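> generate a structure from the sequence data that follows.
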Amino acid sequence: VGSGSFRLYGGVARVVGYVSIDGDDAKVVKEVEVEVKAPILAAPQLFQKALLSTKKEEPRYFPEKDVARALSVHPKVLNQIADQMIFNPGFRDVGLGFRSQKRREMVPGWSRWNQGWQYSARAIQVMLEFKTAFPRLILFLHRDHQYVHNAEDLIQNEDGSRGTRDQGLAQIRRIQDWIESRGIDKHR
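All right, here's what the predicted structure looks like:
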């Protein structure tokens, strides 16, 4: 009791007790009913519905390569959209956070790992809306294969020169506002 913990999208849950069902001898436990206390932190509202859903129906998931093809983006670009997309200064993340490659975390109802990343139809719809809302960002990601990008590189002036840091930061704020307007709150 109190020692078992597991991670669910950034939150830690703790087993606070259990009751043996089906067994008179305390040494033989065939089934266990477990009470778990897990605070719902400020997880994205978009994800809370999936986390709290009591529906038995499992959403259909599609392999990452098929999603990338359907969205007409390179798989590495899809990875950044679905996971993290970091910009300096300030290490600002403008990815959707549907999964974490580094920690192999998935968001139920949105993504899962099954011999490769897979995404639900809901996640694909949001990624399509993201791609449509920020086509220049998608083009930029196809050109810049760095893990961490510079904000000023997001803006390309008519003469081909890159924008200023302030212009880049303003674009990052627009992207963050768009993400938040969809109910995705990643503790920015």
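
> okay, helices next: where are they in the protein?
Listed in chain order, the helices of the chain (DSSP state H) span 45-52, 64-71, 75-82, 121-133, 135-143, 165-181.

> what helices or strands is the last one leaning on?
On a contact count with 3 or more CB pairs under 8 Å, 6 or more residues apart in numbering; DSSP states H and E, helix 165-181 meets helix 121-133. Placement of C-beta: from N, CA and C, glycine included.

> mind listing what's buried along the helix it packs on?
123-124, 126-127, 130-131 (16 or more other CB atoms under 10 Å).

> what do you get for stretch 150-157?
Residues of stretch 150-157 classed as buried: 151-155 (neighbour count, 16+ other CB under 10 Å).

> pLDDT and distance to residue 141 added to those, as JSON lines?
Output for the buried residues of stretch 150-157, formatted as JSON lines (pLDDT from 0 to 100; distance: CB to CB, whole Å):
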{"residue": "151", "pLDDT": "89", "distance to residue 141": "14"}
{"residue": "152", "pLDDT": "89", "distance to residue 141": "15"}
{"residue": "153", "pLDDT": "87", "distance to residue 141": "11"}
{"residue": "154", "pLDDT": "85", "distance to residue 141": "10"}
{"residue": "155", "pLDDT": "86", "distance to residue 141": "14"}
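
> list just the nearest of those to residue 92.
residue 151 (7.5 Å; CB to CB).

> can you tell me the closest non-neighbouring residue to the closest one?
Residue nearest to residue 151 in three dimensions, not counting chain neighbours: residue 168, with 3.0 Å by CB to CB, 6 or more residues apart in numbering.

> follow-up on the earlier one: check the buried residues of helix 121-133 and tell me the two furthest apart.
Farthest apart among the buried residues of helix 121-133 by CB to CB are 123 and 131. That separation is 12.5 Å.

> now the buried residues of helix 121-133 as a markdown table including distance to residue 139?
Formatted as a markdown table, these follow (distance: CB to CB, whole Å):
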| residue | distance to residue 139 |
| --- | --- |
| 123 | 22 |
| 124 | 20 |
| 126 | 19 |
| 127 | 16 |
| 130 | 14 |
| 131 | 10 |
